[in-house]
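>>> mind looking at a prediction? Sequence and model below.
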Amino acid sequence: MEEKLELESKSILAEQLEQLKKIFPEVFCDGKIDFDKLKLVLGEQIYKESTYQDKERFGITWIGKADCYRVIQNTKEATLRPCREESINFDETQNVFIEGENLEVLKILQRSYSGKVKMIYIDPPYNTGKEFIYPDKYKDNIDTYLEYTKQIDERGNKFSTNPESDGRYHSKWLSMMYPRLYLAKSLLKDDGVIFISIDDHEQHRLRMICDEIFGEDNFVADIIRKTKSTTNDNVTGINIQHENCLVYAKNKSLLTLIGEKKTFENYKNPDNDPKGAWVSDNPSARTGSTFPIENPYTKTIDLPPENAFWRFSYKSYQEHVKSGKIKFLESVLVGQRGFIFKRYASEVKSDNHLVPTLFATENCYMNQAATKHINEIFPNVKVFDYTKPINFILKLIEYSTNKNDLILDFFSGSSTTAHAVMKLNAEDGGNRKYIMVQIPETCIENSESFKAGYKTIADIGKERIRRAAKKIKEEYPSYNGDFGFKVFKLDSSNITNFEGNKVTDNESYTEQLEFSIQNIKNDRSDYDILYQFMLRLGFTLTENIKIKSFCNNTKKVFSIDLFSSDTNNITSSEDTNNSSNAKISTTFICLEKFITEELIDEIEKHNPDKVVFLDIGFQNNDALKNNARHSFKNHIFNNKNKSIEFLVF
Ligand SMILES: C[S@@+](CC[C@H](N)C(=O)[O-])C[C@H]1O[C@@H](n2cnc3c(N)ncnc32)[C@H](O)[C@@H]1O
């Protein structure tokens, strides 16, 4: 099969239509929905219930909500360009730092990371009026971003904050959050979970849009974090000393959060009970039965406390006495119960506690702790004001992920989440991976961070990872996990004609001609193009890429193997230590600008499952292209189990 490589970001709408088609194939006619038929299929009753004849409806709406869907659906191509110089251990690491605007980045990640992220933590701007809120443009968002990054170099004005005096103050914030959460949801695994830090400015509105996006049944909890002990800045006389962290599941019935490990230290066995160590349990409960219990040694009588009952029936009581679970005391002090009701360690159903929604009300999770931690990493410079306490995020990750899971933070700021992932991995020997996304928001010129050499918050985030990695390595010398990270930067597509021929009046005809022939931008490297193709083909940013030489080392081809595993349908070579992982396909990406017969023959002999060529590599030689097409057809013929895909751009 030959096809042109689709260069647009994966369309969420197309995906949803596909799903609808699976459920109601009969309502599609020529690929379009027949709404009258849909009404019939749903049944008049359901349809009537779901229409609002009097225009009243429950839900949240704001000025610009409709544009959110346009923003989501605009799939104009942008790309992520690898930046080896700023990375650590680029070729091996499974961690990723993306410098860029998160809406565009989330769109780009759809094809490769859909359903792969176990946990998302975000700490978005709280809409206090002081932070900048990215002004999404559904027609040309990537151009807005490029304009924005240009300002960084020119040290011009940064994009505006969202002041309370703005008439659309809440609307702007909601319009910023809605599409990002919508796209984030599709990256989550089915048993995945998102944690969103927020405070009173927008907490209630955020909850309403999350109810809409994730479904109110998937609301899990609102975790309270104590932010500070005292305040002197509130005129109303109330000390607001907490913020919230909303928790939503992709599918609540599949989510399991695992709390702290139970310790069995207080379980003892002083009476050599054959059932093992025990602690004294409370024998009363809100429901149960009431009867007097007489101590056979002291003849004292116990009844359940007022408004309570024994948690066992009389019959079970007799069995407990016989088995020794109820043990009578030989002497009883005044006010003391005459018996012990034992809870054996072996009876404890789970090794872990539940996660308390108030776990972060302890002082060690306050803002003060965050400041202390970041000061340890950047001594003597106040680099960033809004950092979260590392242990708070670490606990959220610990409660919600397994040791190999992928964690995403697309408002990553100073990269506390990456720091927390590395620290937790070092503590429990894990191999969790992260993706951080941070816009290169400029550091204000007279700020301490700018004076210390950091132009943008993204620079601070990357430097924090480098320093935190070094510190953790020193603290855990025996742990030799992944401390590297690969940097990518958001940019316009590498391919010009994809953006349309943007010929301005001043451009000469010759330039225009070159423009359409040389459709790869001059300043883009093979690796830039490679990653753009990889993302379009659904590969992750951390695949193991091999370079194969052909034609006596005069030509090269990139080769990527995909492996299957029990846990994921498709995983990359990082999981090859899992014995159930078998290689399922090999893709060759050939970016040569002069393709020859010899090269095609040699590639074919390697038996790849998919081959990608650059169209310009055929140099307008249709005969050569047809030959290639023909060779790969033969290839399918000779390998009945294979279906070769031959993609040309
Ligand atoms: C509250 S801070 C996050 C702090 C982070 N949790 C930490 O501990 O350092 C929010 C961050 O989101 C970034 N941000 C805001 N809008 C963004 C966008 N559209 N794309 C990417 N990052 C964005 C801001 O630059 C800011 O650094």
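That came through, no problem.

>>> use CA for all of it now, contacts and neighbours both
OK.

>>> can you give me the helices for the stretch 451-600 of the chain?
In the stretch 451-600 of the chain, the helices defined using DSSP state H, counting those that start in this stretch lie at 457-475, 509-517, 526-536, 597-605.

>>> surely residue 318 is in a helix?
Yes: under DSSP: H, G, I helix; E, B strand; the rest coil, residue 318 falls within a helix.

>>> ok, back up a step: mean pLDDT lowest where, among the helices of the stretch 451-600 of the chain?
Within the helices of the stretch 451-600 of the chain, confidence is poorest for helix 509-517, with a mean of 39 (mean pLDDT).

>>> dump the helices of the stretch 451-600 of the chain to JSON lines, plus distance to residue 548 and mean neighbour count.
Listed next are those as JSON lines, based on distance: least, Cα to Cα, whole Å; neighbours: other Cα atoms under 10 Å:
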{"stretch": "helix 457-475", "distance to residue 548": "32", "mean neighbour count": "20"}
{"stretch": "helix 509-517", "distance to residue 548": "28", "mean neighbour count": "12"}
{"stretch": "helix 526-536", "distance to residue 548": "14", "mean neighbour count": "19"}
{"stretch": "helix 597-605", "distance to residue 548": "10", "mean neighbour count": "15"}
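
>>> the ligand: which of the ones you listed is closest?
Evaluated over the helices of the stretch 451-600 of the chain, closeness to the ligand peaks at helix 457-475, with 6.0 Å, by Cα to the nearest ligand atom.

>>> would you mind pulling the contact partners of that closest one?
97, 99, 377-378, 383-384, 412-415, 418-419, 422-423, 426, 438-443, 454, 479-480, 483 (Cα atoms under 8 Å, 6 or more residues apart in numbering).

>>> among these, name the ones that also lie close to the ligand.
With the criterion set as Cα under 6 Å from any ligand atom, the members of these near the ligand are 412, 413, 414, 415, 438, 439, 441.

>>> Throw those residues into a markdown table and include neighbour count, thanks.
Shown next, in a markdown table, are these (neighbours: other Cα atoms under 10 Å):
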| residue | neighbour count |
| --- | --- |
| 412 | 27 |
| 413 | 28 |
| 414 | 26 |
| 415 | 28 |
| 438 | 26 |
| 439 | 25 |
| 441 | 22 |
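
>>> let's see which of those end up in strands.
residue 438 (DSSP state E).

>>> of the ones next to the ligand among the contacts of helix 457-475, which pair is most distant in space?
Within those, 415 and 441 form the most distant pair, 13.7 Å apart (Cα to Cα).

>>> circling back: out of the contacts of helix 457-475, which are buried?
Neighbour counting over the contacts of helix 457-475 (16 or more other Cα atoms under 10 Å) leaves 97, 99, 377-378, 383-384, 412-415, 418-419, 422-423, 426, 438-443, 454, 479, 483 as the buried ones.

>>> mind checking which of these land in helices?
377, 418, 419, 422, 423, 426 (DSSP state H).

>>> now do residue 366 against the ligand, distance only.
According to Cα to the nearest ligand atom, to the nearest Å, residue 366 stands 12 Å off from the ligand.

>>> contact partners for the nearest residue to that residue once chain neighbours are set aside?
With sequence-adjacent residues excluded and distances taken as Cα to Cα, 6 or more residues apart in numbering, residue 366 is closest to residue 227, at 4.4 Å. Shown in contact with residue 227 (Cα under 8 Å, 6+ apart): 241, 242, 243, 365, 366, 367, 368.

>>> and whatever helix or strand the last one lives in, what does it pack against?
Read it as residue 368. Element membership for residue 368 (DSSP states H and E) is helix 367-377. On a contact count with 3 or more Cα pairs under 8 Å, 6 or more residues apart in numbering; DSSP states H and E, helix 367-377 meets helix 457-475.

>>> still on that earlier bit, buried subset of the contacts of residue 227, written for ChimeraX?
A single ChimeraX command is used to select the members of the contacts of residue 227 judged buried by 16+ other Cα under 10 Å:
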select :242,243,365,366,367
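
>>> and which of the contacts of residue 227 is nearest residue 562?
The nearest member of the contacts of residue 227 to residue 562, counting by Cα to Cα, is residue 365 at 41.1 Å.

>>> what about the spatially closest residue to residue 586 that is not a sequence neighbour, how many neighbours?
Among residues not flanking residue 586 along the chain, residue 561 sits closest, at 4.5 Å (Cα to Cα, 6+ apart). Other residues within reach of residue 561, judged by other Cα atoms under 10 Å, total 20.

>>> for residue 543, see how far away residue 561 is.
Residue 561 sits 8 Å away from residue 543, going by Cα to Cα, to the nearest Å.

>>> kindly report the same for residue 386.
Counting by Cα to Cα, the gap from residue 386 to residue 543 is 33 Å.

>>> okay, the two: which has more neighbours?
residue 543 (19 against 13).

>>> wait, residue 109 touches residue 537, no?
No: if you go by Cα atoms under 8 Å, residue 109 and residue 537 don't touch, sitting 11.2 Å apart.

>>> who has more neighbours out of these two?
Looking at residue 109 and residue 537 with other Cα under 10 Å, you find the greater number of neighbours at residue 109, namely 23 against 16.

>>> can I assume the more buried one sits in a strand?
No: with three-state DSSP as the criterion, residue 109 is assigned helix and is not in a strand.

>>> contact partners for it?
Shown in contact with residue 109 (Cα under 8 Å, 6+ apart): residue 535.

>>> need the pLDDT of it.
Reported pLDDT for residue 109: 96.

>>> separation between it and the ligand?
With distances taken as Cα to the nearest ligand atom, residue 109 is found 14 Å from the ligand.
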